[in-house]
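Chemist: 3D model of this:
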Amino acid sequence: MNYEAPAWLPGGNLQTIWPALYGQRVFGPHPQYRRERWDTPDGDFVDVDFLATAPALPGVVRPLLVLFHGLEGSSRSHYAEAFADLAHAQGWDYAVPHFRGCSGEINVGPRAYHSGDFEEIGWVLRRLRAGHAAGAPLVVVGVSLGGNALLRWAEEAGGTAATTVASVAAVSSPIDLAAGGWAIGRGFNRQVYTRMFLRSMKPKALAKLAQFPGLFDRAAMLAARDLYAFDNLFTAPLHGFKSTEDYWGRASAKPHLHQIQIPALVVNARNDPFVPAWSLPHQNNVGRHVTLWQPAHGGHVGFPQGRLPGHVRAMPDAVAGWLAAQAGLPFAPTPE
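Modeler: Next comes the predicted model:
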């Protein structure tokens with residue numbers, strides 16, 4: 001990925017914050033979605049947003065681009081709308097499955113979602129594969145947390161992954177969760193990003209406690225000041241992990257990248273404030289199916305481009321072009 005940040009937006013933090021708040025997301029019409037609610041095998045539900053498009057003409061096979069969002073993201077996150085715009089321009093179908101509790105309504109089970117939720121990823125992808133036209137490829141991108149979970153699925157699935165998807169990509173994903181937790185728990189990151197996430201996650205945790213009294217220690221959760229403490233009290237025990245260390249260790253994709261047996265792209269800017277450059281993998285230890293893109297700039301899911309205020313379509317175009325090439329699909333980069 002030959003990405004260069006615009007001169008007017010230097011540094012990883014600016015390249016993270018500005019695009020999310022002010023960057024142009026779409027070149028075409030604002031994405032409109034059609035929502036489906038799926039009952040899960042454990043008696044809960046997930047909401048899947050599909051890009052509202054006209055039905056395909058007879059004999060026309062449209063690929064399906066699937067996006068798994070990041071921590072506290074949704075189909076309305078800046079990157080999700082940018083990928084939706086790209087799918088519209090390419091004539092692809094597009095779906096955004098929401099992790100539990102992220103679609104605007106709290107889920108009903110005594111759980112939420114986590115970075116290593118590969119069982120949920122696999123179930124969703126198999127259902128999408130079964131519901132899409134035979135012969136139409138599925139290409140999948142995961143952003144941040146969603147990318148780590150997607151890679152964990154590909155690692156666990158091994159050679160069987162190819163029966164479900166053609167290619168996968170992870171963008172700005174903390175594939176070494178301990179390193180990411182260390183980075184986001186320090187200095188500016190702790191004061192800005194950690195506070196932002198906890199402002200969203202704590203009310204959801206309280207709603208879950210109202211559904212299931214005694215599920216965790218309310219006072220201790222409210223006292224959490226970083227993701228390590230929150231994960232130790234909430235995320236880890238609710239999802240079968242002994243502690244934050246156990247969760248971050250077992251859920252990280254980095255140690256198992258060599259197990260992937262489908263085309264996989266891992267994109268990380270080296271100035272991402274959430275993902276330290278020193279923690280990124282090297283090409284010689286990820287296996288032949290994995291491609292690494294590690295541009296010097298881009299921030300966390302930022303990759304702004306163009307004149308002020310900039311747009312966020314450069315990264316989706318590059319990633320989708322790579323996914324399409326691996327799947328044997330035609331692809332035309334979207335003109336600005």
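
Chemist: Show residues contacting the longest helix along the chain.
Modeler: Using DSSP state H, we find that the single longest helix of the chain is helix 195-211. Counting contacts by CB atoms under 8 Å, 6 or more residues apart in numbering, the residues outside helix 195-211 that touch it are 71-72, 101, 106, 108, 110, 112, 215-216, 218, 221-222, 224-225, 227, 230, 234. Using the backbone N, CA and C atoms, a C-beta is placed for each residue, glycine as well.

Chemist: mind saving the C-alpha coords of it as CSV?
Modeler: Extracted as CSV, the C-alpha positions of helix 195-211 are listed here (Å, rounded to 0.1, in the frame of the first residue of the first chain):
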residue,chain,number,x,y,z
ARG,A,195,-12.1,7.5,28.1
MET,A,196,-14.0,7.5,24.8
PHE,A,197,-14.4,3.7,24.8
LEU,A,198,-15.3,3.5,28.4
ARG,A,199,-18.0,6.1,28.1
SER,A,200,-19.7,3.8,25.6
MET,A,201,-18.9,0.4,27.2
LYS,A,202,-19.7,1.1,30.8
PRO,A,203,-23.4,2.0,30.2
LYS,A,204,-23.8,-1.2,28.2
ALA,A,205,-22.2,-3.2,31.0
LEU,A,206,-24.7,-1.6,33.4
ALA,A,207,-27.6,-2.6,31.1
LYS,A,208,-26.3,-6.1,31.0
LEU,A,209,-26.1,-6.1,34.9
ALA,A,210,-29.7,-5.0,35.0
GLN,A,211,-30.6,-8.0,32.9
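
Chemist: gap between it and the chain center?
Modeler: Between the mean C-alpha point of helix 195-211 and the mean C-alpha point of its chain there is a distance of 20 Å (CA atoms, centre = their mean, to the nearest Å).

Chemist: What are the buried residues along the very next helix or strand once past it?
Modeler: Reading on from helix 195-211 to the C-terminus, the next helix or strand found by DSSP states H and E is helix 218-223. If you call a residue buried by 16 or more other CB atoms under 10 Å, then helix 218-223 has these buried ones: residue 221.

Chemist: Toward the C-terminus, what is the element adjacent to helix 218-223?
Modeler: Taking DSSP H and E as the definition, the helix or strand that follows helix 218-223 towards the C-terminus is helix 227-230.

Chemist: tell me what that following helix is packed against?
Modeler: Taking 3 or more CB pairs under 8 Å, 6 or more residues apart in numbering; DSSP states H and E as the contact definition, the neighbouring helices and strands of helix 227-230 are helix 177-184, helix 195-211.

Chemist: Can you give me the buried ones in stretch 20-29?
Modeler: Judged by neighbour count (16+ other CB under 10 Å), stretch 20-29 contains these buried residues: 20, 23, 24, 25, 26.

Chemist: What of stretch 243-252?
Modeler: By neighbour count on 16+ other CB under 10 Å, the buried set for stretch 243-252 is 244, 245, 247, 248, 250, 251, 252.

Chemist: Per-residue pLDDT of the fourth one, please?
Modeler: Looking back up the chat, that one is residue 248. Turning to residue 248, the model gives it a pLDDT of 98.

Chemist: Can you tell me the closest non-neighbouring residue to it?
Modeler: Spatial nearest neighbour of residue 248, excluding adjacent residues (CB to CB, 6 or more residues apart in numbering): residue 177 at 3.8 Å.

Chemist: hang on, the earlier thing: could you dump the buried residues of stretch 243-252 into JSON lines with distance to residue 208 added?
Modeler: As requested, the buried residues of stretch 243-252 are arranged in JSON lines below (distance: CB to CB, whole Å):
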{"residue": "244", "distance to residue 208": "18"}
{"residue": "245", "distance to residue 208": "23"}
{"residue": "247", "distance to residue 208": "17"}
{"residue": "248", "distance to residue 208": "21"}
{"residue": "250", "distance to residue 208": "22"}
{"residue": "251", "distance to residue 208": "20"}
{"residue": "252", "distance to residue 208": "25"}
